[in-house]
Every structure is written in structure tokens, then in C-alpha cells.
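Undergrad: test case, fold it:
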Amino acid sequence: MTEGGPNRDVRVQVWQLTKLYLFIICTLMRKGGYVYILGSLSRVLYVGVTADLARRLHEHRTSAVKGFTTRYNIWRLLWCEPHDDILGAIAREKQIKRWRRKKKLSLIAQSTPEFRDLWPLFNR
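TA: Numbering: from 1, shown residues only. Okay, the predicted model is just below:
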């Protein structure tokens with residue numbers, strides 16, 4: 001048994017996990033993020049957030065992650081917005097997700113009125 005009894009070991013482990021958690025949070029806050037809207041040919045919309053837009057869009061386009069976007073064949077980038085920190089991006093994503101469809105379509109129309117895939121503009 002270590003000096004200070006068995007509770008000392010638990011306290012040390014808790015402290016180490018707390019330091020790790022704080023490190024992860026600080027790292028995420030320094031890293032930017034993107035909010036994006038994808039659409040299908042039948043105009044089903046998906047709002048998402050990511051720190052790595054290229055990787056995430058590749059996942060959507062190749063159906064690497066099964067879920068809503070795979071089920072409804074949603075892979076066309078219709079709108080995106082960069083943010084300086086991931087927490088700001090997450091807050092904006094939550095805001096947009098609460099919007100009605102009409103408001104989302106209005107936002108998309110600002111970047112692509114024809115509902116065209118914007119990915120080729122970013123993937124050069």
C-alpha cells in the first residue's frame with residue numbers, strides 16, 4: 001500500500017484524469033471549426049459541425065459513417081461557415097438546427113441559389 005492509504009491512489013488518478021480533461025478542452029478551444037449544411041438531390045438537409053471539414057465531407061461522400069446522411073444519400077456541400085474556435089462552431093450549429101427549413105434554405109441561397117455542390121470549390 002502506498003503512503004497515504006488506498007484513497008491516495010484514487011486521488012492521484014482523479015487528478016491525472018482532470019489534467020487530461022483540461023488539456024483536451026484547452027486544445028479544442030484553440031482549434032477552429034466549421035458549421036456546414038449538406039443536401040441530397042431530393043433536398044433533404046443536414047446541419048453538422050467539424051474541426052476538419054475535408055475529412056468530414058470525405059466521410060459523408062463515401063458513406064464511411066453510417067447514419068442519417070447515408071440513409072438519405074446526403075453528401076452535397078451547400079453552405080459552410082468557418083469559426084475561430086470549435087465551441088463557437090458548436091453554438092452556431094445548435095442555433096441553425098433550431099431554425100425552420102425556410103430559414104435554412106434562405107441561408108443556402110446566399111452561397112448557392114441553384115443548390116449546387118460547393119465541394120469542388122474547396123477541393124482543388
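Undergrad: how about low-confidence regions in the protein?
TA: Flagging of the chain using pLDDT under 70 yields the residue ranges 1-6, 12, 14-30, 124.
Undergrad: strands along that one, start to end?
TA: 33-39, 45-50, 76-83 (DSSP state E).
Undergrad: could you spell out the sheet neighbours of the first one, each with its direction?
TA: So the one you mean is strand 33-39. Next to strand 33-39 in the sheet, as set by DSSP bridges, lie strand 45-50 (antiparallel), strand 76-83 (antiparallel).
Undergrad: need those in TSV with distance to Leu57 and mean neighbour count, can you?
TA: Where you see a C-beta, it was placed from the backbone N, CA and C, and this is true even at glycine. TSV is the format used below for the strands paired with strand 33-39 (distance: least, C-beta to C-beta, whole Å; neighbours: other C-beta atoms under 10 Å):
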stretch	distance to Leu57	mean neighbour count
strand 45-50	8	20
strand 76-83	6	19
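Undergrad: how close does the closest residue to Arg76 other than its chain neighbours sit to Ile74?
TA: Excluding its sequence neighbours, the residue lying closest to Arg76 (C-beta to C-beta, 6 or more residues apart in numbering) is Asp117, at 4.1 Å. From Asp117 over to Ile74 the distance is 11 Å, taken as C-beta to C-beta, to the nearest Å.
Undergrad: now the helices for this structure?
TA: Secondary structure of the chain (DSSP state H): helices at 6-30, 53-62, 68-71, 86-98, 101-111, 119-122.
Undergrad: restrict the fifth one to CA atoms and write it as CSV.
TA: Which is helix 101-111. In CSV, the C-alpha atoms belonging to helix 101-111 read as follows (Å, rounded to 0.1, in the frame of the first residue of the first chain):
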residue,chain,number,x,y,z
ARG,A,101,-36.4,24.8,-43.1
LYS,A,102,-37.3,28.0,-44.9
LYS,A,103,-34.6,30.0,-43.0
LYS,A,104,-32.0,27.3,-43.7
LEU,A,105,-32.9,27.4,-47.4
SER,A,106,-32.5,31.2,-47.4
LEU,A,107,-29.0,30.8,-45.9
ILE,A,108,-28.1,28.3,-48.5
ALA,A,109,-29.4,30.5,-51.3
GLN,A,110,-26.8,33.1,-50.3
SER,A,111,-24.0,30.8,-51.3
